[in-house]
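with the sequence up front, the predicted model follows.
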Amino acid sequence: MTTLNIPSISLDNAKNLVTSKESGDNQDAQELLESSVAQTSIELFAKVGQLTRQLHHLLNDFNLTPARC
């Protein structure tokens, strides 16, 4: 079974997030979180697309294989 490597927030971004929250800059903190989630989503959808293509090819190969008696 394939495991997904979900990237975590970088140390620099985590420090910036803490700094933003401590200073009360919720807008900046929200933008940092959204950018982290967006990158994770892009990678997740790419992996789902890859798995979908693999499944499609496997199903096509399965249908083309003659039945063995």
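That came through, no problem. Residues are numbered from 1 along each chain as shown.

for the strand or helix carrying Leu59, which positions count as buried?
Following DSSP states H and E, one finds Leu59 within helix 26-64. Buried positions in helix 26-64, judged by neighbour count with 16 or more other C-beta atoms under 10 Å: 29, 32, 36. Glycine gets a C-beta too; all of them are placed from N, C-alpha and C.

which strands and helices lie in contact with that helix?
helix 11-23 (3 or more C-beta pairs under 8 Å, 6 or more residues apart in numbering; DSSP states H and E).

mind giving me the packing neighbours of the helix it packs on?
helix 26-64.

quick check: angle from the helix it packs on to helix 11-23?
140 degrees (axes from the mean of the first three to the mean of the last three C-alpha atoms, to 10 degrees).

how distant is helix 26-64 from the center of its chain?
The chain centroid and the centroid of helix 26-64 are separated by 5 Å, computed with C-alpha atoms, centre = their mean, to the nearest Å.

and that helix, what's its mean pLDDT?
Throughout helix 26-64, pLDDT has a mean value of 88.

residues in contact with Ser20?
Contacts for Ser20 (C-beta atoms under 8 Å, 6 or more residues apart in numbering) come out as 26, 28-29, 32.

hmm, try it at 10 Å
26-33 (C-beta atoms under 10 Å, 6 or more residues apart in numbering).

circling back to that earlier point, make JSON lines out of the buried residues of helix 26-64 and add distance to Ser20.
Below are the buried residues of helix 26-64 laid out as JSON lines (distance: C-beta to C-beta, whole Å):
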{"residue": "Ala29", "distance to Ser20": "4"}
{"residue": "Leu32", "distance to Ser20": "7"}
{"residue": "Ser36", "distance to Ser20": "13"}
